[in-house]
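Novice: Let's see this in three dimensions:
(chains A and B)
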Amino acid sequence: MDYEAVMKLALERGFYFPSCEVYADAQAGFWEYGPSGVSLKNKFLELWRRELVRRDGMLEIDGAQIMSKSVFEASGHLSNFADPIIKCTKCNSTFRADRVIADVAQIEIPESADLDEFDNAISQNNIKCPKCKGDFEKTKKFNMMFRVGIGPEGEEAYLRPETCQSIFVDFPRLYKTMRGRLPLGIAQVGKSFRNEISPRQSLLRLREFYQAEIEIFCNPSRLDEVEKFAEIQDTIIRVQTDSEPVAMTCKEAVESGTVPNKLVAYYLGILTEFYEKTGIDISKSRFRKLGDKEKAFYAKVAFDFEVETTIGWLELVACNYRSDYDLSGHARTSKEKFDVMDNDEKVLPHIFEISMGIDRSLYAILEHSLKDDKEHERIVLSLKPYLSPIHVGILSLVKKDGLKEKTDEIFLNIKRKFDAFLDHSGAIGRRYRRLDEVGAPFAITVDHQTLEDNTVTIRERDSMKQTRINISEIDSILSESVAFP
RNA sequence: GCGGAGUUAGUUUAGUCUGGUAUAACGUCAGCUUCCCAAGCUGAAGGCCACGGGUUCAAAUCCCGCACUCCGCACCA
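Specialist: Coordinates of the predicted model:
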């Protein structure tokens, strides 16, 4: 289904909706998760922990969202995470200074250059507004980080623009106290903040958003010594270096040089296996190798994991080989030691990161799972059972003759163990439809026969098939059916 | 940030040109119908029309501003 249909479902069924919507001064780029959205997100993260964090024996931390100025001096965000912008005095159009100068005068000025350089280039080449030929104001820096003032003096600090900086600065302590050995993965789920110029499309471009980031600390001279590689060497990944994605095994990807080494291929492999289990259609995905101009300022090699949706290819994960950019930066600025012993060799670890956008991933899962079942006149959210906000609906066929009481009793017995939803009101077909829309994989219905022989019907969402089971079997059947794979 | 379109109930929407405090469907809730796939019947709740200002006896409707949403441009780890 398309973006509009997902949006409608999100608003009607409590997945997500605009923040502060009752106030007129609500700002763009901020969205809330409702009950269904939170449940889906929690389950998605549980799957992420199982398939990546636990599978690879990573350490998970939970860092502060506000970090000191020094962190971002060391990380380069204060100088690099900003665009030089120029504004036309006549028509108020805003442009990126480096782009206009490159287009008009063919002069390449790096975006991190001093502001004077841009102003000089503009006056020397007599560059005017491309739209109205007006004059430009002086070049300004627009930094995408949110600045905050700490305490009564308003000491300078920033909301983190990516969660991984806490992982980098915590690395020395974690390595020492958690008995670290290279390669070591450290993971974190949390919020990041970026002052986007134009947030768009609900969860797809937010100013406050969730990331699940994994930083792999590794010895750069041993990137092909990866024992675990055997686990995924036959896993098929889709890699795009030119115009079309090409499906290949991880082994072939390394041997052909498409992916630079076994370590990177291993993580692309387990990431693909993870996304397969979210229900996203992997045949509509690709790892797109980024060109030099597209890469982030810290990345040596970068693959974006992208998924095809009705609004185009959507970047869900950035996989960047950051080399020693981060640790050497923090070592230099903090004067702390970030190098460690690996066997008998002292190394400053390199970093490969898997930076996942959670909100976008959830959107992609919803879009790929939402089906219009025209034959039965229903909208079905065919989520994997272990990701469904509601595991099971517990329904009474009718309220009277003691069916309500019997239904309540069943609900009481399972509600702590499963996400169960009790519903007595309205026509039974309507209640099934409602459960279909929030993606509940099962519905259990108590009818008159239940009172005679303690059996209930269990209906399966996608096939609409019903089977009669004993009440005593409910727990084991559900446990098995909604378990994580 | 620029240009265009839009904003009326939970959702989709009529009404805006031709000013007189608002329409419908679906959804929701309660009840009836001994009822297993959005059935039927009865009833109810829900909006002062994004927000702020102006014109007018009177504004959802006209004017100005502003915010947000969508589409393009630009931007985007």
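Novice: Mind telling me which residue of the stretch 101-250 of chain A is nearest RNA strand B?
Specialist: Closest approach between the stretch 101-250 of chain A and RNA strand B, counting by Cβ to the nearest atom of the strand: A:Glu162, at 3.3 Å. Where you see a C-beta, it was placed from the backbone N, CA and C, and this is true even at glycine.
Novice: That residue: what secondary structure?
Specialist: Secondary structure state of A:Glu162, per DSSP: H, G, I helix; E, B strand; the rest coil, is coil.
Novice: so it makes contact with A:Ser355?
Specialist: Yes - at 6.9 Å, A:Glu162 counts as touching A:Ser355 under the criterion of Cβ atoms under 8 Å.
Novice: any common contacting residues for the two?
Specialist: Residues within reach of A:Glu162 and of A:Ser355 at once, by Cβ atoms under 8 Å, 6 or more residues apart in numbering, are A:Gln211, A:Glu213.
Novice: Quick check on the residue of the stretch 101-250 of chain A closest to RNA strand B: phi, psi?
Specialist: phi -160, psi 150 (degrees, to the nearest 10).
Novice: what's the pLDDT at the nearest residue to it once chain neighbours are set aside?
Specialist: Distances taken as Cβ to Cβ, 6 or more residues apart in numbering put A:Ser192 closest to A:Glu162, at 5.3 Å, once the chain neighbours are dropped. pLDDT recorded at A:Ser192 is 92.
Novice: What of the one 3 residues further on?
Specialist: Looking at A:Asn195, its pLDDT stands at 86.
Novice: What of A:Leu40?
Specialist: In the predicted model, A:Leu40 carries a pLDDT score of 95.
Novice: one step back: ok, now how distant is the residue of the stretch 101-250 of chain A closest to RNA strand B from A:Met145?
Specialist: A:Glu162 sits 10 Å away from A:Met145 when distances are taken as Cβ to Cβ, to the nearest Å.
Novice: quick one: low-confidence parts of chain A?
Specialist: Chain A contains residues with pLDDT under 70 at A:88-94, A:103-106, A:108, A:110-113, A:129-134, A:293.
Novice: So which residues of the stretch 51-200 of chain A form strands?
Specialist: Ranges of strands in the stretch 51-200 of chain A, per DSSP state E, counting those that start in this stretch, are A:59-61, A:66-68, A:82-87, A:94-96, A:140-143, A:147-150, A:155-159, A:184-193.
Novice: show me the contacts for the residue of the stretch 101-250 of chain A closest to RNA strand B.
Specialist: Contacts of A:Glu162 by Cβ under 8 Å, 6+ apart are A:Ser192, A:Gln211, A:Glu213, A:Ser355.
Novice: cool, A:Asn261 as well?
Specialist: Per Cβ under 8 Å, 6+ apart, neighbours of A:Asn261: A:Leu223, A:Asp224, A:Val254.
Novice: Around the second one, how many other residues sit close by?
Specialist: When neighbours are counted by other Cβ atoms under 10 Å, A:Asp224 registers 12.
Novice: before we move on, back to that, the residue nearest to A:Glu162 contacts A:Cys164, doesn't it?
Specialist: No - contact criterion Cβ under 8 Å: A:Ser192 and A:Cys164 do not qualify, at 9.1 Å.
Novice: So for these two, which sits in the more crowded spot?
Specialist: A:Cys164 (26 against 21).
Novice: how much space between the more buried one and A:Leu204?
Specialist: A:Cys164 sits 21 Å away from A:Leu204, going by Cβ to Cβ.
Novice: roughly how far apart are A:Ile236 and A:Val307?
Specialist: Counting by Cβ to Cβ - A:Ile236 and A:Val307 are separated by 16 Å.
Novice: ok, the two, which is more surrounded?
Specialist: Per other Cβ under 10 Å, whichever of A:Ile236 and A:Val307 has more neighbours is A:Val307, with 23 against 16.
Novice: Would you confirm that the more buried one belongs to a strand?
Specialist: Yes - membership of A:Val307 in a strand is supported by three-state DSSP.
Novice: Show me what it bridges to in the sheet.
Specialist: Beta bridges link A:Val307 to A:Ser285, A:Leu314, judged by DSSP bridges.
Novice: The closest residue to RNA strand B within the stretch 1-150 of chain A: neighbouring residues, count only.
Specialist: Taking Cβ to the nearest atom of the strand, RNA strand B has its nearest neighbour within the stretch 1-150 of chain A at A:Ala28, 3.1 Å off. Using other Cβ under 10 Å, A:Ala28 is surrounded by 14 other residues.
Novice: Name the helix or strand for it, please.
Specialist: Under the criterion DSSP states H and E, no helix or strand holds A:Ala28.
Novice: rewinding a little: so who does the residue nearest to A:Glu162 touch?
Specialist: Residues in contact with A:Ser192, defined by Cβ under 8 Å, 6+ apart, are A:Gln65, A:Leu159, A:Arg160, A:Pro161, A:Glu162, A:Thr163, A:Glu208, A:Phe209, A:Tyr210, A:Gln211.
Novice: Can I get the buried part of those residues as one PyMOL selection?
Specialist: The PyMOL selection below is limited to those of the contacts of A:Ser192 classed as buried (16 or more other Cβ atoms under 10 Å):
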select buried, chain A and resi 159+160+161+162+163+208+209+210+211
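Novice: Tell me which stretches of the stretch 201-350 of chain A form strands.
Specialist: Under DSSP E, counting those that start in this stretch, the stretch 201-350 of chain A gives strands at A:208-218, A:236-240, A:246-249, A:285-289, A:301-309, A:312-323, A:340-342, A:345-347, A:350-357.
Novice: Can you say which of those strands is nearest to A:Pro199?
Specialist: Comparison of those against A:Pro199 by Cβ to Cβ identifies strand A:208-218 as nearest, at 9.6 Å.
Novice: Which strands border the closest one, and is each parallel or antiparallel?
Specialist: strand A:184-193 (antiparallel), strand A:350-357 (antiparallel).
Novice: RNA strand B contacts on the stretch 251-400 of chain A?
Specialist: A:294, A:296-297, A:304, A:311, A:315, A:318, A:355, A:376-379, A:397-399 (Cβ under 7 Å from any atom of the strand).
Novice: biggest separation within the residues you listed, which pair?
Specialist: A:Phe297 and A:Val398 (64.8 Å).
Novice: Tally up the residues packed near the residue nearest to A:Tyr321 when sequence neighbours are not counted, please.
Specialist: Excluding the flanking residues, the one nearest A:Tyr321 by Cβ to Cβ, 6+ apart is A:Val301, at 4.2 Å. Applying the criterion other Cβ under 10 Å, we find 17 residues in the vicinity of A:Val301.
Novice: same check, this time on A:Glu452
Specialist: So A:Glu452, with other Cβ under 10 Å, has 8 neighbours.
Novice: Make sure it is indeed in a strand.
Specialist: No - secondary structure of A:Glu452 (three-state DSSP): helix, not part of a strand.
Novice: Next one: it relative to RNA strand B, how far apart?
Specialist: Distance from A:Glu452 to RNA strand B, counting by Cβ to the nearest atom of the strand, to the nearest Å: 12 Å.
Novice: quick one: that residue from A:Leu395, how far?
Specialist: Plainly put, A:Glu452 is 18 Å away from A:Leu395 if you go by Cβ to Cβ.
Novice: chain center to stretch A:289-300: distance?
Specialist: Mean-position distance between stretch A:289-300 and its chain equals 19 Å (Cα atoms, centre = their mean, to the nearest Å).
Novice: again, but for stretch A:28-41
Specialist: Stretch A:28-41 sits 13 Å away from the centroid of its parent chain (Cα atoms, centre = their mean).
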